[in-house]
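Fold the stuff below for me.
(chains A and B)
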2 protein chains.
Amino acid sequence: MGKKCIGVDVGGTSVKLGLFEVTGELLKKWEIPTRKEEQGKYIVWDIADSIRQVLGQEGISLKDVEGAGMGVPGPVMPDGYVEVCVNLGWRDRYPARELSDVLEGLPVRCGNDANVAALGEMWQGGGKGHTDIVMITLGTGVGGGVIIDEKIITGKHGLGGEVGHIHVRDEEKEHCNCGGVGCLEQVASATGIAREARRKMAACDTPSALREAGDQVTAKDVLDAAKAGDALALEVMEVVGHYLGVALASLALTVDPEMFVIGGGVSKAGQYLIEVINRHYGKYMTISENRATIGLAKLGNDAGIYGAARLVLG
Amino acid sequence: MGKKCIGVDVGGTSVKLGLFEVTGELLKKWEIPTRKEEQGKYIVWDIADSIRQVLGQEGISLKDVEGAGMGVPGPVMPDGYVEVCVNLGWRDRYPARELSDVLEGLPVRCGNDANVAALGEMWQGGGKGHTDIVMITLGTGVGGGVIIDEKIITGKHGLGGEVGHIHVRDEEKEHCNCGGVGCLEQVASATGIAREARRKMAACDTPSALREAGDQVTAKDVLDAAKAGDALALEVMEVVGHYLGVALASLALTVDPEMFVIGGGVSKAGQYLIEVINRHYGKYMTISENRATIGLAKLGNDAGIYGAARLVLG
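Have a look, this model is predicted:
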């Protein structure tokens, strides 16, 4: 029986956990609720209890576990310090050290959840077989992770891979949640795509299947309509694709990965989305034909537990 | 007597060489002409001859040399392969291996010259004391280098740190040398700043000290006039500062270094330039006050030999 490792993905509603072979095979996954009361003080204890319980059921001793990794929804400093995780109620914590303390000194490492998901996709997902990838997660917001030489670029202030807040759109007037203006997230997140569709509908009279949903239009509506050839939806996706292409080119000219892995709910649009992005990306990468490719993420919501487990393997 | 190392900066006109203590002290620097004839086949031999000659004069044996690093004007693959260096006439070369072969197997490493200069600034220049920096060189073009954990991010296709070709300006119509449009280099290089000044002069009637030079206006003219309060020059620098600020913020949200080091001829404008960039950078970094600082390069044209020498120290 080989050594095991554990991946923990701490979310605002539930904590996902996974037990893995160190070779990357997922043996078991499960979830527990996130107890946010009293500044989330129970979360780490709940995780430890749950790990002990499952290991017990599986007849695995803590000694057979290489370690545990943890992805948390907030910036993590290089030394593991977490100043704040709004969604968990955490402030001034060292979550990895805390979990290690209640698990008999088990090696534990902690990273930002988006960064950790990127590591997971590199290990066993869309980026498998590569050592250098950049993942972009297009969900309610836009997150990301930069993996170079199989390691997360955390950054010196925990801002590594915060690609959703790269400024791409000078003409934008509305503010982003981060306080900035013209962030990638404002145009390429599910929220951003829907907003862009509302704007386009208001600005022209082009007939479109999207008008039926009106202000309730979703990113999925836009992507479905674009695939079906709807002119207005295609226009929206040209805008989205342009800014995603600009952002990817900027990343390629900075860290030059082997590939980009596109994940998150929006990426369910599949190869159509990749083609739109790739076409715009190419326009800003005229410097070389030999450059990072773009593909889809494969692990869905499990990317976090995979990446967390990989994190502790160094 | 401690171990030595050698830094070689191969340019299109001359090759700069430096003999260093491994602790970073420059003992001697010198130059030889770059013989470009016959696809630059003599360059590596000339370098080797010159190194042997100087070591002889100094009474230093090759055995006392830890190794030599080489910066070359073109992309260098992670394995040291150089597909093409237009300025040297090189095609399909492994320059590090070739230099090592003619120097009795001395360890030699090769990197792109802009990347290598960034490493030099980290080691003994504006970034001294830091491990993670991004250098931006504002010269005739715009180059750069990304250093994380004291190592160059070369990239998987040799495009790491190619920051001059990050697309920042959607409204640009003219093409960049790279074939792209709206590259940082088009607005923030010395050439770009002068062009922006010509455009502004043509587009308005604002009186300005720059009008005396007319089409011969230089980046230095613009920076001098801006410092003296010339309204038109200040407008030009707002445009330049905006796009530099956007680019730096994009880099900070990708690799999140400790600091940015600004070098190249344009950086002779000093603290004024840093202040302009910093003001715009701050607008696109609202996500965190705790972020990379911006400072000036210190090694000037010697950054290349410093960085090359550091390269071989691993």
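
pull the longest helix from chain A.
Counting residues, the longest helix in chain A under DSSP state H turns out to be helix A:231-252.

could you list every residue that touches A:Val44?
A:95, A:98-99, A:102 (C-beta atoms under 8 Å, 6 or more residues apart in numbering or on different chains). Placement of C-beta: from N, CA and C, glycine included.

sorry, back to before: mind listing what's buried in the longest helix of chain A?
Within helix A:231-252, the residues that count as buried by 16 or more other C-beta atoms under 10 Å in any protein chain shown are A:232-237, A:239-252.

Any regions of the stretch 101-250 of chain A where pLDDT drops low?
The stretch 101-250 of chain A contains no residues with pLDDT under 70.

The residue in it that chain B sits nearest to: neighbour count?
Nearest residue of the stretch 101-250 of chain A to chain B, counting by C-beta to the nearest C-beta: A:Gly155, 2.4 Å away. Residues lying near A:Gly155 (other C-beta atoms under 10 Å in any protein chain shown) number 28.

if we can go back for a sec, how distant is the helix or strand following the longest helix of chain A from the center of its chain?
Going down the chain from helix A:231-252, the next helix or strand is strand A:259-263, by DSSP states H and E. Put simply, strand A:259-263 sits 10 Å off its chain's centre (C-alpha atoms, centre = their mean, to the nearest Å).

Show me what the helix or strand following strand A:259-263 is packed up against.
Using DSSP H and E, the helix or strand that follows strand A:259-263 in sequence is helix A:271-283. Counting contacts by 3 or more C-beta pairs under 8 Å, 6 or more residues apart in numbering or on different chains; DSSP states H and E, helix A:271-283 packs against helix A:219-227, helix A:231-252, strand A:259-263, strand A:293-296.

which residue is nearest the middle of chain A?
The centre of chain A sits closest to A:Ala114, judged by C-alpha atoms, centre = their mean, with a distance of 3.6 Å.

Looks like that residue contacts A:Gly143 (just checking).
Yes - A:Ala114 is within contact range of A:Gly143, at 3.3 Å (criterion: C-beta atoms under 8 Å).

What ranges does chain A have for its strands?
A:4-10, A:14-21, A:26-33, A:65-72, A:82-85, A:90-93, A:108-112, A:133-138, A:142-148, A:151-152, A:259-263, A:293-296 (DSSP state E).

helices or strands next to the shortest one in the packing?
Meaning strand A:151-152. Short answer (3+ C-beta pairs under 8 Å, 6+ apart): strand A:151-152 packs on helix A:113-124.

Which elements pack onto the helix it packs on?
Against helix A:113-124 (3+ C-beta pairs under 8 Å, 6+ apart) you get strand A:4-10, strand A:65-72, strand A:133-138, strand A:142-148, strand A:151-152, strand A:259-263, helix A:303-311.

Pipe the ones you listed into CSV and attach mean neighbour count and distance to B:Val261 per row.
Output for the helices and strands packed on helix A:113-124, formatted as CSV (neighbours: other C-beta atoms under 10 Å in any protein chain shown; distance: least, C-beta to C-beta, whole Å):
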stretch, mean neighbour count, distance to B:Val261
strand A:4-10, 27, 37
strand A:65-72, 26, 32
strand A:133-138, 30, 24
strand A:142-148, 29, 20
strand A:151-152, 20, 23
strand A:259-263, 27, 28
helix A:303-311, 30, 31
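
right, so of the helices and strands packed on helix A:271-283, which gets closest to A:Trp123?
Proximity to A:Trp123 (C-beta to C-beta) singles out strand A:259-263 among these, at 11.4 Å.

what's the most far-flung residue of chain A relative to its centre sitting at in phi/psi?
What lies farthest from the middle of chain A is A:Asp205; by C-alpha atoms, centre = their mean that is 36.3 Å. Backbone dihedrals for A:Asp205, given as degrees, to the nearest 10, come out at phi -110, psi 10.

Mind exporting the C-alpha coordinates of stretch A:145-155 to PDB?
Only the C-alpha atoms of stretch A:145-155 are listed here, as PDB (Å, rounded to 0.1, in the frame of the first residue of the first chain):
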ATOM      1  CA  GLY A 145      -3.200  30.400 -10.900                       C
ATOM      2  CA  VAL A 146       0.300  30.500 -12.300                       C
ATOM      3  CA  ILE A 147       2.200  27.300 -12.100                       C
ATOM      4  CA  ILE A 148       5.900  27.300 -13.000                       C
ATOM      5  CA  ASP A 149       8.100  24.300 -12.700                       C
ATOM      6  CA  GLU A 150       5.200  22.500 -10.900                       C
ATOM      7  CA  LYS A 151       5.000  25.200  -8.200                       C
ATOM      8  CA  ILE A 152       2.500  27.900  -7.500                       C
ATOM      9  CA  ILE A 153       3.700  31.400  -8.000                       C
ATOM     10  CA  THR A 154       2.200  32.700  -4.800                       C
ATOM     11  CA  GLY A 155       3.700  36.100  -5.000                       C
END
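
Show me what A:Ile262 is bridged to.
With DSSP bridges as the criterion, A:Ile262 is bridged to A:Ile136, A:Leu296.

Could I get the contacting residues of it?
Contacts of A:Ile262 by C-beta under 8 Å, 6+ apart are A:126, A:135-136, A:138, A:273-274, A:277, A:294-297.

Pull out the buried residues from the contacts of A:Val44.
A:95, A:98-99, A:102.
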